[in-house]
Each structure stands twice: as structure tokens, then as C-alpha cells.
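[1] Sequence and computational prediction follow.
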Amino acid sequence: MRRGWTAGWLAAALAAHWAAEAADPEAAARRYGSAVRLLGESAEDVAPLLREVVELDPKGALADDALIELALVEGIPRWPEEVGRISAAALQKSLPLLDQILAGLPDADRADEARYLRGLLASEPLAASSPTSARSFFLGAMRGTDDRWRRAARYASGWLYLRDGRRDRAIEVFHALLADGTGGQVAARARVSLARCLLAEGDYGEAARLLQQAIDAGVSGDALAEAHRELAVRSLLADVDAMAAARPQPVVTTRIPAGAAAGMVPTPDGGIVLGDRRHDRIVAFDARGGARSVWEVADLEAVAGDRAGGVWAAAGGYVYRVLAGNSRLQRVAATGEWSPVAGLAADASGAVWILDRRGRIARIAAGSMAPVPLWQSASGRASSIAWDGRRLLVGDERQGTVVAVRADGTSSPLVEQGFERPGAITADASGRFAVLDARAGYVYVHRPDGTVVDAYSFRTDGIERPSAIALGLDGSLHVHDDQGPSWMRRP
């Protein structure tokens, strides 16, 4: 036994010695310099050079730089707000690159950055999703020596608490980051995320103040500070002037080449992503109604968005994540006995809820491949679902009500005013939600407690057959009319 161990140790030592002898730091530096000059170009041009850097000097000073740049070339997130956009294939290519640093170069000058980025990858809503692992990686970066990544990891840990519904812990983290007085993107993003917490708690004035501070500090556009500021101001004014919602509001109507909507998701730039059941496709429209991306998908059933800006679809017995920018769909899970899907909802963690045509709801956890039963309508006629950040909102056609279903599967009536036929449901970051009652001719907007704050008569604007509604990031109301087909925006 000792002999075998000694032989193995000797072989490993000799291999390390030969690798050191074969290392060529000067050639590695030349390759890295060439790669740096090409960064921003295509991955096909840059990646081979970066791989050569590692091959030429695997333990050298530039190996960690090359490995991290290789992962960034794959499109991995740099900030928590970018989580959810990478494909499963790119994720699988990136994980071993960062793990190679953490296992073989733990003291490299970019090791703290690697720990932070690895935590973001563990937060992805894919098979590798593991909030526990993500927190462990963030903690490792927070214990490091590089203050940039220590603070970024602290922010990411707060963002993870917020995403997973632990708002009190998230608020503590964001307050602590702001209390240390350091500026930059971390502080600006902490203000935006703290404002999101306050929006959900109804403190619209303080949320608006923090968002304006973040905008003034130059927070990056992916933090969506401007849209959330508009929502905070809109919500504050509605509370101050209770009659504002009852006044006539201007509408903008745009003709679009899509019909039989399977769901609608507003985008931060004023456009929408629309599920077009008639043509079995998902289309991203810009603010003027121009089609900028198309995803072909057979047997499309439902489309929904999450708070992180992700888009999800149910079609032909599967749930898909819609990947922006490359017209691809990433298969996530099978819907099994819940097919065909009548309604779909998603949260920022990558969890998805599916509603079948018998009024049953199942949950698919982030990274899971199969639905788990959660709740069933007593009437058997649940028509639609939406996630408001804390609970599911379920429209019941037979009872004419909206029911709140909590994460543990318990439920209680939320709106019992007697809709004629509640249809599509949507919610915004403040917790307000809207319900389409096509038979009555109204879209009703409610506070989180179910109180009606607005009743929009869509027929006065010529909408004949509304099929989908959505509340934008700024609180604006979007309605799709299958008869047109047209897309109406009410600021």
C-alpha cells in the first residue's frame, strides 16, 4: 500500500516537474497580449489564444487571467442582474474554467473575482442552480483580499436574499453596503435593490429617492433604475391622489403582426415579448411595433416573464427559457401530466409554476426537471396565474374570484368582488396586480391587499378581443387585442 502511494506521489511530482520545465511564460505573455487586443471581437478569434496562454504556462501569473477571460467570452454574468441569460452549453463550458482557478490557483491575484463569478454561475436558473453553493462562493470572495470583489460579493449575497424572498436579510445587506460610504456601481446597485424592497413594502417615496440617487450616480442600465423610479412615482401619486386613476388616460395603439396571444412580457426599453399561438412563435417587438427577434416553437401554450427580465414558455409538453439575442429556446423541464398548460408564471430564481386545464398547479424548482403538485382549485376552473413576488395570484372563472396561493400550497381568497369572468392576471414590482375581465369589458387594477384602485374600460379605446395584459416595469398597462391584432399601452 505504501509502495503504491509512493509511486503515485512520485508520478505526480514528476508530472509537475515536467510541466514546470515545459512552461513558457514569455510565449504565454505574448499570446495573452494578442488576446487582450482582440477582446471584444468574436470568441472564435480570442478563445484559441487564451487557451494557449493556459497551455503554455498553466501555473503562471497569466493563467488565471486567461481562464477568467475565457469564461467572460462565453457570456457569463458580471453582475447579478445579468443572471438568467446564459445558455446551458455556455454554462457548462465556463464552470470548469473558474473551477480550475479555485482548485489549482487559489492564491492567484484574480481568485477572488473567480469566486464571485462562480457564485453568479451557481445562481443561474439551470441544472447547476444552487443558492447554498452560490452563498458559499460569495462568502469566499468576501473573505478575500481584493476589496472590489469583496464588496461585489456582499452585494450579490443581498441580491440573492432578495431574489429568494428573504427581504429582511436583503435590506440588512444593502443598508450595510451604503453605510460604509463607498460609491461606485456596487453602491448604486445596492440603492436600486433596496428601493425594490421598499416598493414591495409600499414605501414609494423613499424608493423613488433612492432610485434617483442611483441614476445620478450613473448606475448601469441593466439595473433598470429608471423604470423602477417611474413605478415608484406612479404608485406614490396614486396614493396621494386617489382620483388620478379614474381620470381619462392617453393610450398608444400599435398594429403588430401577431394574433391569439399566449402571453405578453413588457421589456425595459418599452417593447414587448409576445407569445403568438396562431403562428407558433414568440416575437420580441420594439417600442414602435417592429419585430426584432423571433423564436419558432411548435404547439405554443403560454408565455410568462419573471422579475429578472427572463422570459419563459410552455409548449408541446415542455417548459422553455427564452434566450435573448440568439433566437434560441433552452428546454428546462417536461410538463408531464399537467399538459396542456393553461397558465404559466415564473420568479427570478428560475422557479416556474404551471396551471393545467383542470385547475391544478404544479411547481418546477430552479434546476429541476419535473413538476411537483402544489394546489388545486376547488371549482376546477382556474383560468390564469401570476407571481407577484410573494405568492401566486390565481383567477377562478367559476367563482369569479382571485385566490392567493402561498409557497407552501395554502390559499385564501384575495378578491371576492365577483368578476364576470377573470382572465389574464399580471403584477408589478410594487405588488399591485391587474385582472382582465373580458366579459365585463374592464381591466381592474388592485393594491396588494386586493383593493381596486383603477377600472379601465378597454372598449372605449376600440379593443374588441383582449387576450393578454401586462404591467410594465414602470407600472404602465399593456393590452393585446386579438381582433386587431394590436398592442395598446396605457401610461
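    Cool, got the structure. Residues are numbered from 1 along each chain as shown.

[2] Then residue 436 would be within a strand, right?
    Yes. Per DSSP: H, G, I helix; E, B strand; the rest coil, residue 436 lies within a strand segment.

[3] pLDDT value on it, please?
    Residue 436 is assigned a predicted lDDT (pLDDT) of 97.

[4] Identify the bridge partners of it.
    Beta-bridge partners for residue 436, by DSSP bridges, are residue 443.

[5] give the contact list for it.
    Going by CB atoms under 8 Å, 6 or more residues apart in numbering, residue 436 touches 422-425, 443, 466, 468-469, 479. C-beta here means a position set from N, CA and C on the backbone, and glycine is covered the same way.

[6] What of residue 380?
    If you count contacts by CB under 8 Å, 6+ apart, residue 380 has them with 358-359, 398.

[7] make it 7 Å
    Contact analysis of residue 380 by CB atoms under 7 Å, 6 or more residues apart in numbering lists 358-359.

[8] Using the three-state scheme, assign it.
    Under three-state DSSP, residue 380 comes out as coil.

[9] Report the separation between it and residue 363.
    Distance check for residue 380 against residue 363: by CB to CB, to the nearest Å, it reads 19 Å.

[10] what's the average pLDDT for whichever helix or strand residue 152 is part of?
    In the assignment (DSSP states H and E), residue 152 maps to helix 147-163. For helix 147-163, mean pLDDT rounds to 96.

[11] tally of neighbours for residue 238?
    20 (other CB atoms under 10 Å).

[12] Now find how far off-centre the host helix or strand of it is within its chain.
    Assigned by DSSP H and E, residue 238 belongs to helix 225-240. Relative to the centre of its chain, helix 225-240 is centred 21 Å away, using CA atoms, centre = their mean, to the nearest Å.

[13] other SSEs contacting that helix?
    Judged by 3 or more CB pairs under 7 Å, 6 or more residues apart in numbering; DSSP states H and E, helix 225-240 is in contact with helix 184-201, helix 204-216.

[14] out of the contacts of residue 436, which one sits closest to residue 180?
    Nearest to residue 180 out of the contacts of residue 436 is residue 425 (CB to CB; 41.0 Å).

[15] Before we go further, that closest one is sitting in a strand, right?
    Yes. According to three-state DSSP, the state of residue 425 is that of a strand.

[16] pLDDT wise, what is it at?
    On pLDDT, residue 425 comes in at 97.

[17] Can you tell me the number of residues neighbouring the closest residue to it other than its chain neighbours?
    Leaving aside its sequence neighbours, residue 425 sits nearest to residue 386 (CB to CB, 6 or more residues apart in numbering; 4.1 Å). Using other CB under 10 Å, residue 386 has 27 neighbouring residues.

[18] Now do residue 386 against residue 398, distance only.
    Residue 386 is 19 Å from residue 398, where distance means CB to CB.

[19] do residue 233 as well
    39 Å.

[20] Which one's more surrounded, those two?
    The neighbour comparison of residue 233 against residue 398 (other CB under 10 Å) goes to residue 233, with 18 against 14.

[21] so the more buried one sits right up against residue 208, yeah?
    Yes. Using CB atoms under 7 Å, residue 233 is in contact with residue 208, at 5.3 Å.

[22] Which SSE is immediately downstream of the helix holding residue 238?
    Of the helices and strands lying after helix 225-240 in sequence (DSSP H and E), the nearest is strand 252-255.

[23] Check which residues of that next one are buried.
    The neighbour-count check on strand 252-255 (16 or more other CB atoms under 10 Å) flags 253-254 as buried.

[24] So what are the sheet partners of it and their directions?
    Strand 252-255 is paired, per DSSP bridges, with strand 486-490 (antiparallel).

[25] so what secondary structure elements neighbour the helix holding residue 152?
    For helix 147-163, the elements it packs on are helix 111-122, helix 131-142, helix 167-179, helix 184-201, judged by 3+ CB pairs under 7 Å, 6+ apart.

[26] Tell me which of those helices is the most buried.
    Most buried of these, by mean neighbour count (mean count of other CB atoms under 10 Å): helix 111-122, with a mean of 25.

[27] Could you list the domains of this protein?
    Using automatic domain parsing, the domain parsing of the chain gives 2-237, 249-490.

[28] now the helix holding residue 152 against helix 131-142, angle please.
    Here the directions of helix 147-163 and helix 131-142 differ by 160 degrees (axes from the mean of the first three to the mean of the last three CA atoms, to 10 degrees).

[29] So for helix 147-163, what gets flagged as buried?
    Neighbour-count burial for helix 147-163 flags 149-163 (criterion: 16+ other CB under 10 Å).

[30] Check stretch 207-223 too.
    207-215, 217, 219-220, 222-223.

[31] now stretch 356-367
    356, 359-367.

[32] next one: stretch 463-471
    Neighbour-count burial for stretch 463-471 flags 463, 466-471 (criterion: 16+ other CB under 10 Å).

[33] quick one: which of those residues is nearest residue 178?
    Nearest to residue 178 among the buried residues of stretch 463-471, with distances taken as CB to CB, is residue 471, at 28.5 Å.

[34] Ignoring the adjacent residues along the chain, who's closest to the spatially most central residue of the chain?
    Central residue of the chain (CA atoms, centre = their mean): residue 308, 2.6 Å from the mean position. Excluding the flanking residues, the one nearest residue 308 by CB to CB, 6+ apart is residue 348, at 3.9 Å.

[35] pretty sure that neighbour contacts residue 162?
    No. Contact criterion CB under 7 Å: residue 348 and residue 162 do not qualify, at 8.5 Å.

[36] Sketch out the low-pLDDT regions of the stretch 1-150 of the chain for me.
    1-22, 40-43, 127-128 (pLDDT under 70).

[37] Repeat the analysis, applying 50 as the threshold.
    Low-confidence segments of the stretch 1-150 of the chain (pLDDT under 50): 1-21.

[38] which residues in it form helices?
    Using DSSP state H, counting those that start in this stretch, the helices of the stretch 1-150 of the chain run over residues 2-22, 25-38, 43-56, 63-73, 88-104, 111-122, 131-142, 147-163.

[39] Go through the ones you listed and name the closest to residue 262.
    Minimum separation from residue 262 across the helices of the stretch 1-150 of the chain (CB to CB) falls at helix 88-104, 23.7 Å.

[40] No further questions, thank you.
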